[in-house]
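**Student:** compute the structure for the input listed below.
(2 chains)
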Amino acid sequence: MAKVKGLKCKECGAEYPVEPIHVCEFCFGPLEIVYDYQEIKKNISREKIEKGPKSLWRYIDLLPVENPTVGLSAGFTPLIKAENLGKLLGLNNLYIKDDSVNHPTLSFKDRVVSVALSKAKEFGFDTAACASTGNLANSVAAHAASAGMNCYVFIPSNLETNKIIGSLVFNPVVVAVDGNYDDVNRLSSEIANEFGWAFVNINVRPFYSEGSKTLAFEVAEQLGWRIPDTVVAPLASGSLYTKIWKGFNELIEVGLVEGKPPRMLGAQAEGCSPIYQALKEGRDFIKPVKPNTIAKSIAIGNPADGPYAVKVAKESKGDIQIATDEEIIEGIKLLAKTEGIFTETAGGTTIAVLKKFAEAGIIHKDEVVVAYITGNGYKTMEVLEGKLEKPIHIKPSLIEFKEKVIGKNVKVGG
Amino acid sequence: MAVTVRIPTALRRVTQGQGEVTVEASNIAQLIDALEKEFPGMKERLVDENGEIRKFVNFFVNDEDIRFLQGKDTPLKDGDVVAIIPAIAGGNK
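**Tutor:** Sure, this is the predicted structure:
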């Protein structure tokens, strides 16, 4: 008996077979994988998982792929007890899930792309594509290269230079579209209608998005098979946030862990916060916004999973907060100087919001809290230009070193 | 007003496979009715029981989201291109 039963519309419940489709024909709602949890429960165990590969594929029983062929070393990133940052924020059990060192392109996108392109290969596609704010493009381009697939990536033309180079190096066709991410997304959706490609975040999206569940699975296993009390995660489309929630719930469902799912705290940039606004105004629908923030990787003005993210925030008794551009930069610097982890703007947003929740007393000091760091700071270094201390320039002279660096009154060797 | 409408894959069963159709309409509400007349079953897929555009349906007039224009009352003129697009996402999270 198969672990996957089929696809189902999250809105009206219409059922579909396992095909590369993502939208319900009746109500336009998004499609989601339906699993046979009874069947999975019979096959899955902690022991089996612990003996599995040191990658996200150790959780294959809860992923919609039969035969993984792409991204075989993605996932299984470090979970770090953040003692220094914890001390500063008054949190005794703060952990960082560090996907800034995911393989091979240093963001959580390596998870979703591994799942999406493994499935795309099963479907028989020979061309991979995506609409992206950068990290996804990097990951699709890298995985398509190793999988021997043709590749087209569509990005907003104003992206950070390093993220563009980080795609070009894998030799895909990079299409830089004059417009913001939502424009790129709309165009890509229309292109996906015309060409028979595996657009990972369009027609393969139901499979792709499942990869984010492994962020929950790994954290539970790394905590010794327990669920954290609270997690903090960034929100762009809302997919990652809702899939982390789903992942923890599935672990309970198949009996791998006991307890209740975590409280879900979410982070958006003030300059692009349509999900936060919907939650605050008590709406179950999203009013799209035009993004204006340095946090480009999470600047989605029309987030497709926004309504579900609002639902998860409420269901989990969680909340969503926002951070200004200045707070995002401070968040990046705070994580770097306390934990030695260099994250990008999305991670800066998460840390800034974590700090707000901690300072407001919304997170209790003894709670087990996990903050999800989803991307790497070395990709977006330009946002820190002029925001850091400058190097101290000296001649190759010991006297000058003492004068300018150590201070005039310090003795040599002292 | 003759307006070109681009049809997404999910609706092409209703349009017998056509990816682009032309209808007469002077705003989005009329356009939805005109589509229903030509392709029965279209309207219930685009609007909910209260007559509001479904939350996962996006209309773009000449590449701009109608929620930034005048919603269902967004006026149309000859030669406009209207794209119907399901909510999709990606980006980082």
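
**Student:** so is the worst-scoring helix or strand of chain B on mean pLDDT next to chain A?
**Tutor:** Using mean pLDDT, DSSP states H and E, strand B:64-65 stands out as the lowest-scoring helix or strand of chain B, at a mean of 90. Yes - counting by C-beta under 8 Å from any C-beta of the partner chain, chain A has neighbours in strand B:64-65: B:D65. Any C-beta I mention is one placed from the backbone N, CA and C, and that applies to glycine too.

**Student:** just give me the neighbour total for residue 56.
**Tutor:** Chain wasn't specified; assuming chain A. Using other C-beta atoms under 10 Å in any protein chain shown, A:L56 has 30 neighbouring residues.

**Student:** that's the other chain; I wanted chain B
**Tutor:** A count of nearby residues for B:F56, using other C-beta under 10 Å, gives 21.

**Student:** picking up where we left off before, what helices or strands is the least confident helix or strand of chain B leaning on?
**Tutor:** If contacts are counted by 3 or more C-beta pairs under 8 Å, 6 or more residues apart in numbering or on different chains; DSSP states H and E, strand B:64-65 sits against no helix or strand.

**Student:** direction included, what does it pair up with?
**Tutor:** strand B:57-61 (antiparallel) (DSSP bridges).

**Student:** quick one: buried residues of the strand it pairs with?
**Tutor:** Neighbour counts over strand B:57-61 (16 or more other C-beta atoms under 10 Å in any protein chain shown) mark B:V57, B:N58, B:F59, B:F60, B:V61 as buried.

**Student:** the last one and B:M1: what is the separation?
**Tutor:** In this case it means B:V61. Plainly put, B:V61 is 12 Å away from B:M1 if you go by C-beta to C-beta, to the nearest Å.

**Student:** contacts only, for residue 14.
**Tutor:** Reading this off chain A. By C-beta atoms under 8 Å, 6 or more residues apart in numbering or on different chains, the residues touching A:A14 are A:K8, A:C24, A:E25, A:F26, A:C27.

**Student:** my question was about chain B
**Tutor:** B:V14 makes contacts with B:F39, B:G41, B:M42, B:R45, as judged by C-beta under 8 Å, 6+ apart.

**Student:** now list the buried members of these.
**Tutor:** Buried residues within the contacts of B:V14, counting neighbours by 16+ other C-beta under 10 Å: B:F39, B:M42, B:R45.

**Student:** among those, which are in reach of chain A?
**Tutor:** Applying C-beta under 8 Å from any C-beta to the buried ones among the contacts of B:V14, those adjacent to chain A are B:R45.

**Student:** ok, so of the buried ones among the contacts of B:V14, who is nearest B:Q18?
**Tutor:** Using C-beta to C-beta, B:F39 comes nearest to B:Q18 of the buried ones among the contacts of B:V14, at 8.7 Å.

**Student:** report pLDDT for the closest residue to A:P288 other than its chain neighbours.
**Tutor:** Closest residue to A:P288 apart from its sequence neighbours, by C-beta to C-beta, 6 or more residues apart in numbering or on different chains: A:N302 at 3.9 Å. We have a pLDDT of 89 for A:N302.

**Student:** contacting residues for A:N302?
**Tutor:** By C-beta under 8 Å, 6+ apart, the contact set of A:N302 is A:D182, A:N185, A:P274, A:I286, A:P288, B:N58, B:D65, B:A87, B:A89.

**Student:** sorry, back to before: reformat the buried ones among the contacts of B:V14 as TSV; add secondary structure.
**Tutor:** TSV is the format used below for the buried ones among the contacts of B:V14 (DSSP: H, G, I helix; E, B strand; the rest coil):
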residue	secondary structure
B:F39	coil
B:M42	helix
B:R45	helix
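
**Student:** now the stretch 51-200 of chain A against chain B: closest residue?
**Tutor:** Among the residues of the stretch 51-200 of chain A, A:T133 lies closest to chain B, at 4.3 Å counting by C-beta to the nearest C-beta.

**Student:** redo the contacts of A:N302 as JSON lines? Include secondary structure.
**Tutor:** What follows is these, written out as JSON lines (three-state DSSP):
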{"residue": "A:D182", "secondary structure": "helix"}
{"residue": "A:N185", "secondary structure": "helix"}
{"residue": "A:P274", "secondary structure": "helix"}
{"residue": "A:I286", "secondary structure": "coil"}
{"residue": "A:P288", "secondary structure": "coil"}
{"residue": "B:N58", "secondary structure": "strand"}
{"residue": "B:D65", "secondary structure": "strand"}
{"residue": "B:A87", "secondary structure": "coil"}
{"residue": "B:A89", "secondary structure": "coil"}
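
**Student:** from those residues, which is closest to A:K51?
**Tutor:** Proximity to A:K51 was ranked across the contacts of A:N302 by C-beta to C-beta; first place goes to B:A89, at 35.4 Å.

**Student:** next SSE downstream of the strand or helix carrying A:A352?
**Tutor:** Assigned by DSSP states H and E, A:A352 belongs to helix A:345-359. Following helix A:345-359 in sequence order, the next helix or strand is strand A:368-373 (DSSP H and E).

**Student:** can you report how many residues neighbour A:V115?
**Tutor:** For A:V115, using other C-beta under 10 Å, the count is 31.

**Student:** how about it, what does it touch?
**Tutor:** If you count contacts by C-beta under 8 Å, 6+ apart, A:V115 has them with A:L56, A:L63, A:P64, A:V65, A:G71, A:F207, A:Y208, A:E210, A:G211.

**Student:** export the residues you listed to TSV and append columns for secondary structure, distance to chain B and pLDDT.
**Tutor:** Below are those laid out as TSV (DSSP: H, G, I helix; E, B strand; the rest coil; distance: C-beta to the nearest C-beta, whole Å; pLDDT from 0 to 100):
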residue	secondary structure	distance to chain B	pLDDT
A:L56	helix	17	98
A:L63	coil	19	98
A:P64	coil	18	98
A:V65	coil	19	98
A:G71	coil	17	98
A:F207	helix	13	98
A:Y208	helix	9	97
A:E210	helix	14	98
A:G211	helix	12	98
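
**Student:** quick revisit: thought the residue of the stretch 51-200 of chain A closest to chain B was touching A:K296?
**Tutor:** Yes - with contacts counted by C-beta atoms under 8 Å, A:T133 reaches A:K296, the gap being 5.5 Å.

**Student:** quick one: the strands in chain B, in order.
**Tutor:** For chain B, applying DSSP state E gives strands covering B:2-6, B:20-24, B:57-61, B:64-65, B:81-86.

**Student:** check chain A too.
**Tutor:** Using DSSP E, the strands of chain A run over residues A:4-9, A:15-16, A:31-35, A:79-81, A:93-98, A:127-131, A:150-156, A:173-177, A:198-199, A:230-234, A:263-269, A:319-323, A:368-373.
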